[in-house]
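**Q** What follows is a predicted protein model with its sequence.
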Amino acid sequence: MGGRCITRLGIAAWIACWSLGAQASAYPTESQFRQALNDIAGLVRAEGMELEVLDAQKEGLHRPLLSAGLNITTNSCLVFFNTQPEDGLTQFFAATSERDLPLLLRVMAVHEVTHCVEQHEAYVRQRFDKVLPEAYKQANMTIQGYSSVVKSGAVETWGEALADISSLLYLKQTAPGQWLGLARRISAMRHDLAHKWPLHDTSVWLDRLIVANLETNDNINLFDAAFQYRKQFRP
């Protein structure tokens, strides 16, 4: 896998009680992951990148479910899927109906590619004012400086908030009838699992977004909106 690749763990912690159906789904397969990512590939291309989907196990990665990173050399968003069942996630998918699984996987896919969008804004477009919280903004910020902030872990929750907000906006755009119930469950899951993944607790942002019940339509760029709402609804 050539080129410089900025990877990060995405949604390994999506363990929540999803809407139950008549028949529970099994753990996602390669074809289901690829279909979900193919369904949202247009969002990536609209941001000036290509989407590349890779099998994490074949690439020697052990991160569960999905993870993503930007390959700067090829200007591609690399998304790695892992079909190896993971304890906790296995139970999660067992509590998910087959009817809801395609939507759930698309929402997860949007979360992942949002990490690439943010990395593209920073490392390619160098829009540091857009990607950093106020406390880290500097007039002379460089790529190296931004990279140091990211590696420190200081903005990990900040990044997860952007990805989760994008996911909810996508959910509202594409499945408005399911938006409120599923959005509340996602926020509750983030809060309830804060003891295990504290840096992934974005529930404060999500609760404020849900209460605001913002309008969405096909003319709104969900990533630009997510950047705006991350600042607007931050704790």
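**A** Yep, it's here.
**Q** For this structure, which segments count as strands?
**A** 5-9, 50-55, 65-71, 76-82 (DSSP state E).
**Q** Tell me the helices and strands packed up against the third one.
**A** Judged by 3 or more CB pairs under 8 Å, 6 or more residues apart in numbering; DSSP states H and E, the packing partners of strand 65-71 are strand 5-9, strand 76-82, helix 101-119. Just so you know, the C-beta spots here come from the backbone N, C-alpha and C atoms, and that holds for glycine as well.
**Q** May I see the ones you listed arranged in TSV, with mean pLDDT and mean neighbour count as well?
**A** Shown next, in TSV, are the helices and strands packed on strand 65-71 (pLDDT from 0 to 100; neighbours: other CB atoms under 10 Å):
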stretch	mean pLDDT	mean neighbour count
strand 5-9	50	17
strand 76-82	97	24
helix 101-119	95	25
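**Q** which stretch among those comes nearest His195?
**A** In terms of CB to CB, the element of those nearest to His195 is strand 5-9, at 17.6 Å.
**Q** Kindly reformat the strands of the chain as TSV containing distance to Val110.
**A** Shown next, in TSV, are these (distance: least, CB to CB, whole Å):
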stretch	distance to Val110
strand 5-9	15
strand 50-55	12
strand 65-71	11
strand 76-82	11
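**Q** between the ones you listed, which gets nearest to Leu199?
**A** Of all the strands of the chain, strand 5-9 comes closest under CB to CB, at 10.1 Å.
**Q** picking that back up, ok, which of the strands of the chain comes nearest Ile186?
**A** With CB to CB, the closest approach to Ile186 among the strands of the chain belongs to strand 65-71: 15.1 Å.
**Q** Alpha carbons of that closest one, as CSV, please.
**A** What follows is strand 65-71, C-alpha atoms only, in CSV (Å, rounded to 0.1, in the frame of the first residue of the first chain):
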residue,chain,number,x,y,z
LEU,A,65,-15.4,-3.2,11.6
LEU,A,66,-14.3,0.0,9.8
SER,A,67,-11.5,2.4,9.9
ALA,A,68,-10.3,5.1,7.5
GLY,A,69,-7.5,7.4,6.5
LEU,A,70,-6.4,9.8,3.8
ASN,A,71,-3.7,8.7,1.3
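**Q** Can you give me the domain boundaries for this structure?
**A** 5-136, 155-232 (automatic domain parsing).
**Q** Switch those over to CSV; also include distance to Ile143.
**A** Listed next are the domains of the chain as CSV, based on distance: least, CB to CB, whole Å:
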stretch, distance to Ile143
domain 5-136, 6
domain 155-232, 15
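**Q** For Tyr146, find the nearest of the ones you listed.
**A** domain 5-136 (5.3 Å).
**Q** For that closest one, what is the distance to the chain centroid?
**A** Remark: domain 5-136 is offset 6 Å from the chain centroid, using CA atoms, centre = their mean, to the nearest Å.
**Q** heads up, I number from 170, so please use that
**A** All set: I'll call the first residue 170, so the last point we hit is now domain 174-305.
**Q** Hmm, Gln313 and His292 touching each other?
**A** You called it His, but residue 292 is Tyr. No - Tyr292 lies out of contact with Gln313 (CB atoms under 8 Å); the separation is 10.6 Å.
**Q** The two: which has the busier surroundings?
**A** For the pair Tyr292 and Gln313, the greater number of neighbours falls to Tyr292 (17 against 7), based on other CB atoms under 10 Å.
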